[in-house]
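J.: I'll drop the sequence and a predicted model, then ask my questions.
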Amino acid sequence: MINLDGTPKDCLYVYSEFVYAEEIIDYPPLISDVDFSVTSSGATINWATDKISDSVVEYGPDLSLGFIVSDLSFVFDHSIILSDLEEETTYYFRVQSTDTSGNVVSDDNGGSLYTFTTSGQLTAEIVINMDRDESFRRDIQYSRSSATVTVLVDGNPLGEATVYGSWSGALEDSVVGQTTSEGTITFKTSWIKDATDFVFRVDSIQKGDARYILSGEITDSI
């Protein structure tokens, strides 16, 4: 400010300082997108939260539940695996998450609980094609054999399935391997002196938690 003659006027300036503080609101996580997938002996429970939280699933074959599986990792996307379940059985479950501040939230599907039903055993149809190679060295015969296994479920190739098999006859051996996307895998023996017969057997098929009943050509020989 200045006087009428242009000279400065003595003034007292008062400054007011305002401090704005953001209100911190602490709230429990929000659970969404609860879903599941099942096999004959297991289930995977999935859900999401809007805050990093741990993961708890309470489950059981009746409304009293009785079993708990948990993962204390703080995540947004949650996944809990349930194992050793009974085939073709209905299970009830609810999910729960606790955030880093200790806020707890549970989702029980509006009080009625979520449910899933495990599947029954699946049937795997087995087809074995065997082949034999022979070689002579100084009048000594050596032979080897191969067994190509095709695994079908409902007529469709079962890819990425683990095949457990065994050789007998000229060779006693256990083998294991994984099928291709076409549902096939080939097992070969080593060269064996004076071999007369090779017998191959599929002992079991497994993919994930699923167990399979075997049908079709379980054993073949050449």
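T.: Perfect, I can see it now. The shown structure was predicted, so the numbers you read here are calculated from the model rather than taken from an experiment.

J.: ok, and the closest non-adjacent residue to residue 62?
T.: residue 92 (6.7 Å; C-beta to C-beta, 6 or more residues apart in numbering). C-beta here means a position set from N, CA and C on the backbone, and glycine is covered the same way.

J.: tell me which element the one you found is part of?
T.: strand 90-98 (DSSP states H and E).

J.: Just after that strand, pick out the following helix or strand.
T.: strand 104-107.

J.: What residues sit buried inside that following strand?
T.: 105, 107 (16 or more other C-beta atoms under 10 Å).

J.: in its sheet, what does that strand sit against?
T.: Partners of strand 104-107 in the sheet, by DSSP bridges, are strand 90-98 (antiparallel).

J.: Check which residues of the strand it pairs with are buried.
T.: Per 16+ other C-beta under 10 Å, strand 90-98 contains these buried residues: 91, 92, 93, 94, 95, 96, 97, 98.

J.: got a list of what the last one touches?
T.: It stands for residue 98. Listed by C-beta atoms under 8 Å, 6 or more residues apart in numbering, the contact set of residue 98 reads 29, 53, 54, 56, 104, 105.

J.: by contact count, what packs against the lowest-mean-pLDDT helix or strand in the chain?
T.: When each helix and strand of the chain is scored by mean pLDDT, DSSP states H and E, strand 210-216 comes last, with a mean of 83. Using 3 or more C-beta pairs under 8 Å, 6 or more residues apart in numbering; DSSP states H and E as the contact test, the elements touching strand 210-216 are strand 122-137, strand 198-207.

J.: Quick one: closest of those to residue 167.
T.: strand 198-207 (5.8 Å; C-beta to C-beta).

J.: show me where the protein has helices.
T.: Here the chain has no helices by DSSP state H.

J.: mean confidence score for the longest strand seen in the chain?
T.: Scanning the chain for the longest strand, with DSSP state E as the assignment, gives strand 43-60. Across strand 43-60, pLDDT averages out at 97.

J.: Would you point out the most distant pair within the buried residues of strand 90-98?
T.: 91 and 98 (22.9 Å).

J.: Help me confirm that residue 119 comes into contact with residue 38.
T.: Yes - at 6.0 Å, residue 119 counts as touching residue 38 under the criterion of C-beta atoms under 8 Å.

J.: picking that back up, most tightly packed of the helices and strands packed on strand 210-216?
T.: Mean neighbour count (mean count of other C-beta atoms under 10 Å) peaks for strand 198-207 among the helices and strands packed on strand 210-216, with a mean of 19.
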